[in-house]
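Student: Just a sequence and a predicted model for now, questions to come.
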There are 2 protein chains.
Amino acid sequence: MDVHSGFVGVTAEQLADAHEADLKIEGEEGVHFERAWLDAEAGKVFCLSTGPSKEAVMRIHERAGHPTSEVYEISVEV
Amino acid sequence: MDVHSGFVGVTAEQLADAHEADLKIEGEEGVHFERAWLDAEAGKVFCLSTGPSKEAVMRIHERAGHPTSEVYEISVEV
């Protein structure tokens, strides 16, 4: 799970475009972005992905134009 | 989506118990906790829920013993 801040006022179309930019190149790092959730008022985006490492996720996000260093490796889910 | 901090070293069983505590009383506020993701090393828990308001989610989490003020209202998801 990664978290982006500062996305205040982002629209549904902009979120879809950003997600699409990730999907286009994610395979190069063995990453898959499953879902993303936006709170446009707080400017937060949460992305759920699978992949080999946090660094791989960070590299795809950076290359897609929306870098973040806040990536959490999920050890348990319910 | 809400975020809890300080849950370093929490186990799968503890996360399941905490989630169960939410599920037991969530109906009283019209909330439903769908999923939760834990990074036990960073001590972060992310909970995805539906409900009438952020405050309703906060009240259930508080009554279940794991309060947080960090709740984000999702406006868009992909």
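Tutor: On my side now, so go ahead.

Student: OK, contacts around residue A:61?
Tutor: Applying CB atoms under 8 Å, 6 or more residues apart in numbering or on different chains to residue A:61 gives the contacts A:2, A:4, A:22, A:47, A:67-68. For every residue, glycine as well, the C-beta is placed using N, CA and C.

Student: Centroid-nearest residue for chain A?
Tutor: Central residue of chain A (CA atoms, centre = their mean): residue A:47, 4.0 Å from the mean position.

Student: would that residue count as being in a strand?
Tutor: Yes. According to DSSP: H, G, I helix; E, B strand; the rest coil, residue A:47 belongs to a strand.

Student: picking up where we left off before, need the contacts of residue A:61 in a markdown table with distance to chain B and pLDDT, can you?
Tutor: What follows is the contacts of residue A:61, written out as a markdown table (distance: CB to the nearest CB, whole Å; pLDDT from 0 to 100):
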| residue | distance to chain B | pLDDT |
| --- | --- | --- |
| A:2 | 10 | 98 |
| A:4 | 12 | 98 |
| A:22 | 10 | 98 |
| A:47 | 9 | 98 |
| A:67 | 19 | 98 |
| A:68 | 14 | 97 |
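
Student: if we can go back for a sec, please name the bridge partners of the residue nearest to the centre of chain A.
Tutor: On the basis of DSSP bridges, residue A:47 is bridged to residue A:2, residue A:36.

Student: Give me the contacts around the longest helix that chain A contains.
Tutor: If you go by DSSP state H, chain A has its longest helix at helix A:12-25. Helix A:12-25 has contacts (CB under 8 Å, 6+ apart) with A:33, A:36, A:38, A:45, A:47, A:60-61, A:63-66, B:76, B:78.

Student: Quick one: neighbours of residue A:50, just the number.
Tutor: 12 (other CB atoms under 10 Å in any protein chain shown).
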